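Chemist: only geometry, no sequence info:
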């Protein structure tokens, strides 16, 4: 029900845009979030956006560099990542939940997409 795409290899300072396509139950009314997990590290919250897109929240580590947005007509949520750093390297996951929250458990998860930032 959630399909993430857009990952790849980029040099430090570069940009990538991730996209998450929602279908089925998650295509309406859900808060959408992006998380990431680097090798050997716990999964961490990156950003979240509510259904109306009026509320967004970012982890301190990405604030000012990443932008989350959504297009409810297309059932997509994007994560624009600018000024990428090697420490942004991780598998990125999109997730959906009915409650706007920072981190924690989300009800639905997509498969991950790998982002690798070279120095």
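Modeler: Looks like it came in fine. What you see is a predicted model, and the numbers here were worked out from it, not measured in a lab. Numbering: from 1, shown residues only.

Chemist: Let's check: the centremost residue of this protein is which one?
Modeler: residue 34 (2.6 Å; C-alpha atoms, centre = their mean).

Chemist: Could you report the separation of that one from residue 2?
Modeler: Between residue 34 and residue 2 the distance is 11 Å, computed by C-beta to C-beta, to the nearest Å. Quick note: C-beta positions are derived from backbone N, CA and C, even for glycine.

Chemist: still on that earlier bit, the residue nearest to the centre of the chain: what's it in contact with?
Modeler: With contacts defined as C-beta atoms under 8 Å, 6 or more residues apart in numbering, residue 34 is in contact with 18, 20, 46, 47, 48, 68, 77, 79, 92, 93, 94, 95.

Chemist: Where do the strands of the protein begin and end?
Modeler: Here the chain has its strands, by DSSP state E, at 2-5, 8-11, 16-22, 31-37, 44-49, 56-58, 66-71, 76-81, 90-97, 108-109, 113-118.

Chemist: got those as JSON lines, with mean pLDDT columns?
Modeler: Compiled in JSON lines, these are given as follows (pLDDT from 0 to 100):
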{"stretch": "strand 2-5", "mean pLDDT": "96"}
{"stretch": "strand 8-11", "mean pLDDT": "98"}
{"stretch": "strand 16-22", "mean pLDDT": "97"}
{"stretch": "strand 31-37", "mean pLDDT": "96"}
{"stretch": "strand 44-49", "mean pLDDT": "97"}
{"stretch": "strand 56-58", "mean pLDDT": "96"}
{"stretch": "strand 66-71", "mean pLDDT": "97"}
{"stretch": "strand 76-81", "mean pLDDT": "98"}
{"stretch": "strand 90-97", "mean pLDDT": "97"}
{"stretch": "strand 108-109", "mean pLDDT": "94"}
{"stretch": "strand 113-118", "mean pLDDT": "98"}
